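>>> Here is a sequence with its predicted model. Questions after.
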Amino acid sequence: MTIATLQTGADTGVKPILQIKDLHAWYGESHILHGIEMELGEGQLITLLGRNGAGRSTTLRAIMGMVDRRTGSIRIHGNEFINKPAHRISPDGRIGYCPEERGIFASLNVEENLMLPPMVGEDGMSLDEIFSMFPNLADVRKRMGTRLSGGEQQMLAIARILRTGARLLLLDEITEGLAPVIVKTLGTVIRDLKKRGYTIVLVEQNFRFAATLADRHYVIEHGKVIDRIEAADVDASMERLNHYLSV
Amino acid sequence: MELDQMIRLILAQGMLGLNNGVFYAMLSLGLAVIFGLLNVVNFAHGALYMTGAFLALILHSYLGQWLGLDWLQIGFWPSLILVPLLIAGFGMLIERTMLRWLYKFDPIYSLLFTFGVTLVLQGVFINFFNASGTPYPGMPESLKGVVNLGFMMFPKYRLFVIIFSILVCAVVWYIIERTRIGARLRAGTENPELVKAFGINVPLMVMLTFGFGTGLAGLAGVLAAPIYSVSPLMGANLIIVIFAVVVIGGMGSIMGAVVTGFALGLIEGVTKVFYAPAANTMIFLLMVIVLLVRPSGLFGRQS
Amino acid sequence: MTQNVSQIGEFDENVGGTKLQGRARWAALGMWGLMLAFILIAPAFLYPVFVMQLLCFALFACAFNLLIGFTGLLSFGHAAFFGGGAYIAGHVIKMWGFPPLLGIVAGALFAAALGWVVGSLAIRRQGIYFAMITLALAQIVFFFVLQLPFTGGEDGLQGIPRGYLLGFIDLEQPLAMYYFVAAVFVVGFLLIYRIIHSPFGQVLQAIRENEPRALSLGYNVDRFKLLAFVLSAGLAGLAGSTKALVFQFASLTDAHWQMSGEVILMTLLGGMGTIFGPVVGAFIVVALQHVLSGIGSWVQVVIGGTFIACVLLFRRGVVGELARLLRISSL
């Protein structure tokens, strides 16, 4: 099945922010990604769908340089990132990463967690803006990281990277294990971010959540992209999608 | 013995014990800070303490001679700043060039590496200096003499050391628990990979932390020089006690390491009043008890 | 940064296949042959006392390797068992008139008992804490050795008579003593060899490689570790007792932490987790100490430097590298 390339560039006026070609990644001896290919234009939102263990989280981690070995090409704003040391990826690419485990530091309080990641861009959200987007975080400012609920941790994880001025957001399973009302709030937040022009890659199990937000869906299986579905084609492709997402 | 006399004796030995406790605390602190971020048990911590004391001695009494500048004598106060910096520099050098390659292996290899460093440092100094110790002549005038504490006359210098060390530990605690840099250190200890992904230069932080920890050992060495005579073996005897201290207190908590260090020094001192020969092994006996009763240590998390 | 899979004793990831069996068997036979041949004819061209010293330390290192190389436990206080065995054997032979064989067995048993005490305490903690505890406890033992009157303190326990083996073999004769020591070494080495290749030994290696997995398979990991520790301590005590008999004296150095460090170096240099490695390592270190005896206390610097070099560049050790060269999985 051929994967058509993204229409970006001069003809559509959409700048390609992220271009991944033939990405392979290993954890030790385990070869997890077998040639991932994808593209993302500025202000777009794509989701990575697929079963558990397909390699969706690993793709995000590979972009962030958090795997043992990676080959291929990862271009961000046209610059090659595949050989960059891990601690330069975030600042050079203005990327914000939200890991699946949320990564809230237990020995830091909410405010310290929030202020920890260094600025990667000039127009990071101010604390006021963040607290107006996530009002319940303001109430727990001094609480230690472990004493937050799942929803609060997720809000904090997202708020953390918004403060830094990151424009490309990699969000891994943000709705996992959260109550429906919080999931709804997250949906509002993401929609808002999209409106503000953020570029977002979403790894999501919850297809219904993803479907309302994404411009495009990539289906990943066994470390490869096996299908690509534009937002407009989602209804027509429901049968295919159900097949991919069934356990 | 009358109760009044007994109490005086306890207080007096307690003060002296606190004096030892100061060094236990400072060295456990450095060890815990290094272990927290690097997951390395720095066996060389004792040897670096010893090297710090020797550097103070050399700067005072030998450097001038060696450079042909007989008037040159770097005294206690400048040494207090210079020596920790030198030791920290040395620490950062070995971290950057050698220790760094061992992180991906079993932690015993880094322990064995630091053990090797210990032997090298000790071996070098044994060849040039007397094993039984050389006194440090650089005690500052302002700190000579005694102070009347009511229950005893206590050497001014020793009181200074106690107060100064408590201050240093307090400052280190503050830096780690209340500042931005400390937050980065704490986060890096928990999840170095994620901290790197946020754009923080973790390898640099690791090097600086190792330097900081070893610098603390060097600082302790300078403080020790006027009290104990400077001997190539002074670190060896101490590091084993420090290990017992961190087993009791656990290395998970900075505060725990410091409190345990002070407390054990105190207990050791007071034990001298009741049964002197046991004082040396008191700490080890306590370690045995803690292992039987509360294996994960008083404060720490299991590594 | 953390690994919960041990790399000790792993020499070549690409090892496998039936050809390996043949090669490995030949290599092992070769090593056995070399070792036994050396033991038999060494007195002809080397001082018997020197070779006896080599054999005692080789046994000590092999005993230590049982713990680190095959169970994955780093003991930093093994000198307590070596020295403890030496002093007890010395005492019972000199003061209580034990015959030599019984004497060294007594030393070994004492070391094993001491190992039981130390091991029970140390095993309560994992990893690096275990090493620190063994060091601290060994220091207590050293303290006792220093203070107790029968040990002679700084002077050591001197004048241990060699006695008559089995009542009639005069061990004052250098050759008789030599072959006795050689026999002790071979018995000890064989015992370790059998342990390693037994089901018990397999479980130990499983524990070394991945303790949580061994635990989940239902093994009482702590019990296995303790037994390995006791065996290792007992055999280290056997080595110490024999050494005391060879030199006819036991000294503080035998129980000092520096001795603990030396046995670690021997094992590291020879190859942790190999069977013949500790023997080779012991030979190298003891020989080196003799050769360098002229430079006095600079030896410590050399040993420290060797440690550093080994850990950074030569983790597999001599026999480990040999195994890798021959592309076999264990030697």
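Cool, got the structure. Numbering: from 1, shown residues only, chains lettered A, B, ... in the order given.
>>> switch to C-alpha atoms for all contacts and neighbour counts from now on
Will do.
>>> And for the closest residue to A:Y244 other than its chain neighbours, the neighbour number?
In this structure, A:Y244 finds its nearest non-sequential neighbour in A:G50, 6.4 Å apart by C-alpha to C-alpha, 6 or more residues apart in numbering or on different chains. Using other C-alpha atoms under 10 Å in any protein chain shown, the number of residues around A:G50 comes to 25.
>>> Also B:Q13?
With other C-alpha under 10 Å as criterion, B:Q13 counts 21.
>>> ok, now which ones touch B:V41?
B:L31, B:I34, B:F35, B:S110, B:L111, C:I128 (C-alpha atoms under 8 Å, 6 or more residues apart in numbering or on different chains).
>>> I'd guess it is in a strand, am I close?
No - applying DSSP: H, G, I helix; E, B strand; the rest coil, one finds B:V41 to be coil, outside a strand.
>>> what separates stretch C:26-42 from the chain centre, distance-wise?
19 Å (C-alpha atoms, centre = their mean, to the nearest Å).
>>> Looks like C:Q139 contacts C:W257 (just checking).
Yes - the criterion here is C-alpha atoms under 8 Å, and C:Q139 meets it with C:W257 at 7.4 Å.
>>> any common contacting residues for the two?
Joint contacts of C:Q139 and C:W257 (C-alpha under 8 Å, 6+ apart) are C:G77.
>>> what helix or strand is the residue nearest the centre of chain A on?
Among the residues of chain A, the one closest to the centroid is A:L170, at 2.1 Å (C-alpha atoms, centre = their mean). For A:L170, the host element (DSSP states H and E) is strand A:168-172.
>>> if we can go back for a sec, most neighbours among the contacts of B:V41, which one?
Busiest of the contacts of B:V41 [other C-alpha under 10 Å] is B:L31, holding 30 neighbours.
>>> Quick check: phi and psi on it?
phi -60, psi -40 (degrees, to the nearest 10).
>>> the strands in the chain, which residues?
Just going to use chain A. A:16-27, A:30-41, A:45-49, A:69-76, A:79-80, A:95-98, A:168-172, A:199-203, A:216-221, A:224-230 (DSSP state E).
>>> think we crossed wires, I meant chain B
B:146-148, B:153-155.
>>> Need the winner for burial among those.
For these, the largest average neighbour count (mean count of other C-alpha atoms under 10 Å in any protein chain shown) is found in strand B:153-155, namely a mean of 15.
>>> Report the closest residue of chain A relative to chain B.
Per C-alpha to the nearest C-alpha, A:H87 is where chain A lies closest to chain B, at 4.4 Å.
>>> Surely that residue is in contact with B:M205?
No - using C-alpha under 8 Å, A:H87 is not in contact with B:M205; the gap is 11.5 Å.
>>> ok, now which ones touch residue 235?
Went with chain A since none was named. Counting by C-alpha under 8 Å, 6+ apart, A:D235 has no contacts.
>>> that's the other chain; I wanted chain B
B:H45, B:G46, B:A47, B:L48, B:Y49, B:M50.
>>> at 10 Å what do you get?
B:44-51, B:53, B:118, B:122, B:217, B:221, B:241 (C-alpha atoms under 10 Å, 6 or more residues apart in numbering or on different chains).
>>> on that earlier part again, which of the strands of chain A sits most buried?
Ranked by mean neighbour count under mean count of other C-alpha under 10 Å, these are led by strand A:95-98, which reaches a mean of 28.
>>> Quickly check: stretch B:244-256 near chain A or not.
No - figure legend: stretch B:244-256 not in contact with chain A (C-alpha under 10 Å from any C-alpha of the partner chain); closest approach 10.6 Å.
>>> From one end of that stretch to the other, what's the distance?
13 Å (C-alpha to C-alpha, to the nearest Å).
>>> Over to stretch A:55-73?
End-to-end span of stretch A:55-73 (C-alpha to C-alpha): 17 Å.
>>> Go through that stretch and flag the buried ones.
Within stretch A:55-73, the residues that count as buried by 16 or more other C-alpha atoms under 10 Å in any protein chain shown are A:55-67, A:70-73.
>>> From the residues you listed, which land in helices?
A:R56, A:S57, A:T58, A:T59, A:L60, A:R61, A:A62, A:I63 (DSSP state H).
>>> From those residues, pick the one nearest chain C.
Out of those, the member with the shortest distance to chain C (by C-alpha to the nearest C-alpha) is A:R61, at 16.5 Å.
>>> give me phi/psi at the closest residue to that closest one other than its chain neighbours?
Excluding the flanking residues, the one nearest A:R61 by C-alpha to C-alpha, 6+ apart is A:V67, at 6.3 Å. Here is the backbone geometry of A:V67 (degrees, to the nearest 10): phi -110, psi 170.
>>> repeat for B:G133
According to degrees, to the nearest 10, B:G133 has phi 110, psi 140.
>>> Can you get me a residue count around the residue nearest to it when sequence neighbours are not counted?
Of all residues not flanking B:G133 in the chain, B:S231 sits nearest, at 4.0 Å (C-alpha to C-alpha, 6+ apart). As a burial measure, B:S231 scores 23 neighbours (other C-alpha under 10 Å).
>>> so B:W77 sits right up against B:L59, yeah?
No - here B:W77 lies out of contact with B:L59, judged by C-alpha atoms under 10 Å, at a distance of 11.4 Å.
>>> Tell me which helix or strand comes right after the helix or strand containing C:V291.
If you go by DSSP H and E, C:V291 is part of helix C:277-291. As assigned by DSSP H and E, the chain's next helix or strand after helix C:277-291 is helix C:299-313.
>>> Listing request: residues of the chain with sub-threshold pLDDT.
All of this refers to chain A. Scanning chain A for pLDDT under 70 picks out A:1-14, A:247.
>>> actually chain C
In chain C, residues with pLDDT under 70: C:1-20.
>>> show me the contacts for the residue nearest to the centre of chain A.
A:47, A:57, A:60-61, A:63-64, A:95-99, A:158, A:161, A:199-203.
>>> before we move on, what about A:L148?
A:I104, A:A106, A:N109, A:V110, A:L137, A:V140, A:Q154, A:L156 are the contacts of A:L148 under C-alpha under 10 Å, 6+ apart.
>>> Most neighbours among those, which one?
In those, the most neighbours by other C-alpha under 10 Å go to A:V110, 29 neighbours.
>>> Next, the closest residue to that residue other than its chain neighbours: phi, psi?
Among residues not flanking A:V110 along the chain, A:R141 sits closest, at 5.0 Å (C-alpha to C-alpha, 6+ apart). Dihedral angles of A:R141 (phi, psi; degrees, to the nearest 10) stand at phi -50, psi -40.
>>> Next: A:R167.
Dihedral angles (degrees, to the nearest 10) for A:R167: phi -110, psi -20.
>>> That one: neighbour count?
25.
>>> isn't it right up against A:D92?
No - contact criterion C-alpha under 10 Å: A:R167 and A:D92 do not qualify, at 11.4 Å.
>>> I'd like to check which residues are in contact with the residue nearest to A:V110.
Contacts of A:R141 (C-alpha under 10 Å, 6+ apart): A:N109, A:V110, A:E111, A:E112, A:N113, A:L114, A:F131.
>>> Would you agree the third one is in contact with A:G145?
The one in question is A:E111. Yes - in this structure, A:E111 is within contact of A:G145 by C-alpha under 10 Å, at 9.3 Å.
>>> in chain C, which spans are helices?
Under DSSP H, chain C gives helices at C:18-45, C:48-68, C:79-94, C:100-122, C:127-147, C:174-197, C:199-209, C:211-216, C:221-247, C:257-270, C:277-291, C:299-313, C:317-326.
>>> on that earlier part again, would you mark the buried spots in the helix holding C:V291?
Within helix C:277-291, the residues that count as buried by 16+ other C-alpha under 10 Å are C:G277, C:P278, C:V279, C:V280, C:G281, C:A282, C:F283, C:I284, C:V285, C:V286, C:A287, C:Q289.
>>> Tell me what angle it forms with helix C:257-270.
In terms of direction (axes from the mean of the first three to the mean of the last three C-alpha atoms, to 10 degrees), helix C:277-291 departs from helix C:257-270 by 120 degrees.
>>> wait, does helix C:277-291 make contact with chain B?
No - Helix C:277-291 stays clear of chain B (C-alpha under 10 Å from any C-alpha), getting no nearer than 14.4 Å.
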